[in-house]
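**Q** sequence first, predicted coordinates after that:
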Amino acid sequence: MLFTDIVGSTELAVSLGDRAWQRLLASHHVAVRRELRRFGGREIDTAGDGFFASFDRPGQAVRAADAIASSVAKLGVSIRAGLHTGEAEGDGEQIGGIAVHIASRVMSAAGPGEVLVSGTLRELVAGSGLDFTDRGLHQLKGVPGEWRLWAMVRDGKVADARSITGVQTSETRSARPSLPLPDKPSIAVLPFANLSGDPEQDYFADGIVEDIITGLSRIKWVFVIARNSSFAYKGKAIDMKVVGHELGVRYVLEGSVRKSLNRVRITAQLVDTATGMQIWADRYDRGLDDIFAVQDELTISVVGVIEPTLRQAEIERARRKRPDSLDAYDLYLRALPFAFTAMPHDADQALALLEKAIESEPDYAAAHAIIAWCHEQRYLRGGLHEDTKQAALRHARKAIALGSDDAAALATAAFVVAVVDSDFETATAAFDRSFALSSSSALALGFSSIVRAWKGDDALAVEHAGRAIRLSPFDSLLYIPYIGLAYAHFAAARFDDAAVAAGRASQSNPQFTMPHALHAAALANLGRHAEAMAEVGRLRELEPDLTVDTAIRSARYVDPATIADLGDALRRAGLPE
């Protein structure tokens with residue numbers, strides 16, 4: 001079974017335009033079908049620019065794939081091809097089954113111009129004169145275990161598409177040296193394609209990209225390629241893996257802008273260059289009453305969602321690394337999921353990793369900030385021990401001192417200082433520095449919303465929480481701004497809104513007890529006593545020793561009347577004194 005498709009077809013279609021692309025696609029189909037007939041292949045299916053064919057003889061299948069790659073290269077097109085052999089189900093015209101799925105996944109693993117085969121197929125063509133080079137073990141999506149794949153070799157070289165114009169392939173890649181990946185997540189923002197049909201709109205598309213590059217550059221832990229380098233790819237159809245090699249980046253953000261009348265639509269996608277897989281995509285539709293305001297809003301929206309998406313992708317990458325190969329950054333990443341639950345038993349696991357991180361990198365501001373947060377969790381819900389409080393403050397102040405250019409570290413440390421020491425002056429100053437660095441950090445806005453609610457600035461708390469939720473609606477830390485909302489609404493006696501916000505915080509982080517406490521208190525003040533008692537039941541399952549006294553200690557309201565109201569509501573909900 002053979003699968004093929006065109007590499008970089010979307011970019012190529014955009015650069016050529018609809019009419020030229022359709023002509024090229026028709027010529028591609030003619031070339032593929034000619035080689036299939038020549039080598040005895042049966043066309044099973046065609047979808048867009050991809051082909052699926054079957055063969056009775058495995059050697060002929062490999063030679064057909066090689067011939068197809070050579071034929072379409074003359075058209076200025078690079079394909080990838082994948083082959084596997086096995087039993088298939090169907091009537092001869094339409095076939096399926098696990099073997100077909102594996103063949104498709106083998107193709108997905110191929111690079112531009114590459115013909116990849118499974119180990120099973122390679123064994124069947126032994127002695128046929130076909131030569132292969134080992135491409136190592138691969139995890140094929142949806143297929144258990146690891147699979148060793150082999151690339152066809154022709155004339156002593158891995159088969160590729162030569163002399164291709166307009167498409168960056170593995171052959172043209174040699175014209176530019178590959179750059180090593182930096183020691184932190186790296187991203188290139190490519191020029192967005194202008195699909196408006198109006199060259200005058202290039203300035204708008206370029207302005208969006210330049211602003212996104214600037215916004216991402218303010219995130220301390222992300223390495224961002226400068227505009228001059230990423231704009232070298234403007235107007236070219238490219239392969240993401242090639243860009244990753246040439247620019248030395250792990251991620252690429254690409255997109256398009258379509259402006260029509262008084263509306264603009266922007267699409268964007270984030271791609272992992274190592275695998276070519278899309279890890280995030282979204283579409284934004286806006287009116288153009290004020291073009292510069294729209295440009296600012298779109299930039300903040302894209303940058304805001306990219307930060308947590310990159311963070312989660314990096315956490316998953318660190319999880320896959322061998323324990324003996326972890327550096328300080330990897331240890332920090334592995335600790336984050338434990339810290340993010342905001343519960344003391346998980347904080348202990350995070351601290352074990354984070355302490356190792358700062359042993360090798362003592363001035364790691366982000367690690368000190370998360371250590372401070374973990375100690376804060378252990379302090380409030382672990383016995384209120386003075387040594388734990390002092391540890392939280394020590395690491396928070398160190399994070400503030402070291403993190404002058406790290407918005408997330410400053411915001412996390414600011415939150416800790418406000419919680420464990422009620423030092424709102426230091427906290428507010430650190431938040432202001434954080435926002436000056438990046439106005440699109442959902443984490444900073446979320447922490448700020450909680451602190452502002454405690455200070456009695458409920459309007460600003462609601463604003464910051466709303467911005468955080470809008471910027472990053474699928475963030476694993478979404479519970480933080482929802483807690484800020486719940487605190488603000490409770491203080492302002494908007495108990496319906498407080499109950500809704502606390503409920504959503506619990507949905508985002510079911511293990512964290514404070515949202516359940518706020519939910520129960522709001523329900524009690526609404527007279528919904530049965531629901532309030534049920535919420536306290538869930539709260540006690542998570543933290544059996546929690547009392548009214550320890551619960552209200554987590555609420556750092558400046559106004560003692562609000563704290564008294566919270567305590568009274570929790571008593572009526574059934575939480576023991």
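**A** Happy to help now that I have it. Residues are numbered from 1 along each chain as shown.
**Q** going forward, measure contacts between C-alpha atoms and count neighbours the same way
**A** Fine.
**Q** what about this structure, any weak spots by pLDDT?
**A** Along the chain, segments meeting pLDDT under 70 span 15, 90-94, 154-179, 182-183, 197, 200, 237, 290-292, 323-325, 473-474.
**Q** centre-most residue in it?
**A** residue 309 (2.4 Å; CA atoms, centre = their mean).
**Q** in contact with that residue, which residues?
**A** Contact analysis of residue 309 by CA atoms under 8 Å, 6 or more residues apart in numbering lists 279-280, 475.
**Q** what's near enough to touch residue 88?
**A** 95-100.
**Q** including neighbour count, could these go into CSV?
**A** Formatted as CSV, the contacts of residue 88 follow (neighbours: other CA atoms under 10 Å):
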residue, neighbour count
95, 15
96, 13
97, 12
98, 14
99, 17
100, 23
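**Q** mark which of those are part of helices, please.
**A** Under the assignment DSSP state H, those contribute 98-100 to helices.
**Q** picking up where we left off before, out of the contacts of residue 309, which is most surrounded?
**A** Neighbour tally across those (other CA atoms under 10 Å): the maximum, 19 neighbours, falls on residue 475.
**Q** confirm that residue sits in a strand?
**A** No. Per DSSP: H, G, I helix; E, B strand; the rest coil, residue 475 lies outside any strand segment and is coil.
**Q** what residue in this protein is the furthest from its centre?
**A** In the chain, residue 127 marks the outermost C-alpha relative to the chain mean, sitting 45.9 Å out by CA atoms, centre = their mean.
**Q** give the helix, strand or coil label for that one.
**A** Using three-state DSSP, the structure places residue 127 in coil.
**Q** end-to-end on stretch 416-429?
**A** Length of stretch 416-429, first residue to last, CA to CA, to the nearest Å: 13 Å.
**Q** in it, what's buried?
**A** By neighbour count with 16 or more other CA atoms under 10 Å, stretch 416-429 contains the buried residues 416-420, 422, 424, 426-428.
**Q** try stretch 560-577
**A** So, applying 16+ other CA under 10 Å, buried residues of stretch 560-577: 562-563, 565-575.
**Q** quick one: which two of those are the most distant?
**A** 562 and 574 (18.7 Å; CA to CA).
**Q** now do the helices in the stretch 151-300 of the chain.
**A** Secondary structure of the stretch 151-300 of the chain (DSSP state H, counting those that start in this stretch): helices at 202-217, 227-230, 240-247, 291-320.
**Q** possible to save those helices as a markdown table with distance to residue 384?
**A** Formatted as a markdown table, the helices of the stretch 151-300 of the chain follow (distance: least, CA to CA, whole Å):
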| stretch | distance to residue 384 |
| --- | --- |
| helix 202-217 | 38 |
| helix 227-230 | 50 |
| helix 240-247 | 49 |
| helix 291-320 | 31 |
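**Q** so of those helices, which one's packed in deepest?
**A** helix 240-247 (a mean of 22; mean count of other CA atoms under 10 Å).
**Q** what is that helix packed up against?
**A** The contact analysis (3 or more CA pairs under 8 Å, 6 or more residues apart in numbering; DSSP states H and E) places helix 240-247 against strand 251-260.
**Q** returning to that earlier point: out of the helices of the stretch 151-300 of the chain, flag the one nearest residue 190.
**A** So among the helices of the stretch 151-300 of the chain, helix 227-230 is nearest, using CA to CA, at 5.3 Å.
**Q** packing partners for the closest one?
**A** Helix 227-230 sits against strand 186-189, with contacts defined as 3+ CA pairs under 8 Å, 6+ apart.
**Q** residues contacting the strand it packs on, please?
**A** By CA under 8 Å, 6+ apart, the residues outside strand 186-189 that reach it are 209, 212-213, 222-227, 230, 247-254.
**Q** now with 6 Å?
**A** Where contact means CA atoms under 6 Å, 6 or more residues apart in numbering, the residues beyond strand 186-189 that reach it are 222-225, 249-253.
**Q** show me what the residue lying closest to residue 280 once chain neighbours are set aside is bridged to.
**A** Leaving aside its chain neighbours, residue 280 sits nearest to residue 270 (5.1 Å; criterion: CA to CA, 6 or more residues apart in numbering). Beta-bridge partners recorded for residue 270 (DSSP bridges): residue 253, residue 280.
**Q** how far is whatever helix or strand residue 466 lives in from where the chain is centred?
**A** Under the criterion of DSSP states H and E, residue 466 resides in helix 458-471. Helix 458-471 has its C-alpha centroid displaced from the chain centroid by 22 Å (CA atoms, centre = their mean, to the nearest Å).
**Q** buried residues in that helix?
**A** 458, 461-462, 464-469, 471.
**Q** now these as JSON lines including distance to residue 119?
**A** Below are those laid out as JSON lines (distance: CA to CA, whole Å):
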{"residue": "458", "distance to residue 119": "63"}
{"residue": "461", "distance to residue 119": "59"}
{"residue": "462", "distance to residue 119": "58"}
{"residue": "464", "distance to residue 119": "55"}
{"residue": "465", "distance to residue 119": "53"}
{"residue": "466", "distance to residue 119": "53"}
{"residue": "467", "distance to residue 119": "52"}
{"residue": "468", "distance to residue 119": "49"}
{"residue": "469", "distance to residue 119": "48"}
{"residue": "471", "distance to residue 119": "46"}
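**Q** quick check, nearest of these to residue 235?
**A** Set against residue 235, the nearest of the buried residues of helix 458-471 by CA to CA is residue 471 (29.9 Å).
**Q** isn't the closest one right up against residue 303?
**A** No. Look at residue 471 against residue 303 with CA atoms under 6 Å: they stay out of range, at 8.3 Å.
**Q** can you tell me the closest non-neighbouring residue to residue 532?
**A** According to CA to CA, 6+ apart, the nearest residue to residue 532 is residue 520 (4.4 Å).
**Q** okay, and the one you found sits in which element?
**A** If you go by DSSP H and E, residue 520 is part of helix 513-525.
**Q** following that helix, which helix or strand comes up?
**A** Taking DSSP H and E, what comes next after helix 513-525 is helix 529-542.
**Q** gap between that next one and the chain center?
**A** Distance, centroid of helix 529-542 to centroid of chain: 35 Å (CA atoms, centre = their mean).
**Q** ok, and for the next helix or strand after that helix, which residues are buried?
**A** Reading on from helix 529-542 to the C-terminus, the next helix or strand found by DSSP H and E is helix 548-553. Across helix 548-553, burial judged by 16+ other CA under 10 Å covers 548, 550-553.
**Q** ditto for stretch 519-527
**A** For stretch 519-527, burial by neighbour count (16+ other CA under 10 Å) applies to 519-526.
**Q** in CSV: those residues, plus distance to residue 240.
**A** Output for the buried residues of stretch 519-527, formatted as CSV (distance: CA to CA, whole Å):
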residue, distance to residue 240
519, 46
520, 50
521, 51
522, 50
523, 52
524, 55
525, 55
526, 55
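**Q** between those, which sits nearest residue 488?
**A** Among the buried residues of stretch 519-527, residue 522 lies closest to residue 488 (CA to CA), at 11.7 Å.
**Q** the closest one touches residue 499, doesn't it?
**A** Yes. If you go by CA under 6 Å, residue 522 and residue 499 touch, sitting 5.4 Å apart.
**Q** how is the protein partitioned into domains?
**A** Domains of the chain are assigned by automatic domain parsing as 2-167, 186-316, 321-412, 440-577.
**Q** got the end-to-end distance for the third one?
**A** End-to-end distance for domain 321-412: 27 Å, by CA to CA.
**Q** over to the second one?
**A** For domain 186-316, the first and last residues are 15 Å from each other (CA to CA).
**Q** got TSV for the domains of the chain, with distance to residue 180 too?
**A** Converted to TSV, those look like this (distance: least, CA to CA, whole Å):
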stretch	distance to residue 180
domain 2-167	19
domain 186-316	5
domain 321-412	17
domain 440-577	28
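**Q** for residue 433, find the nearest of the ones you listed.
**A** Nearest of these (CA to CA): domain 321-412, 7.4 Å.
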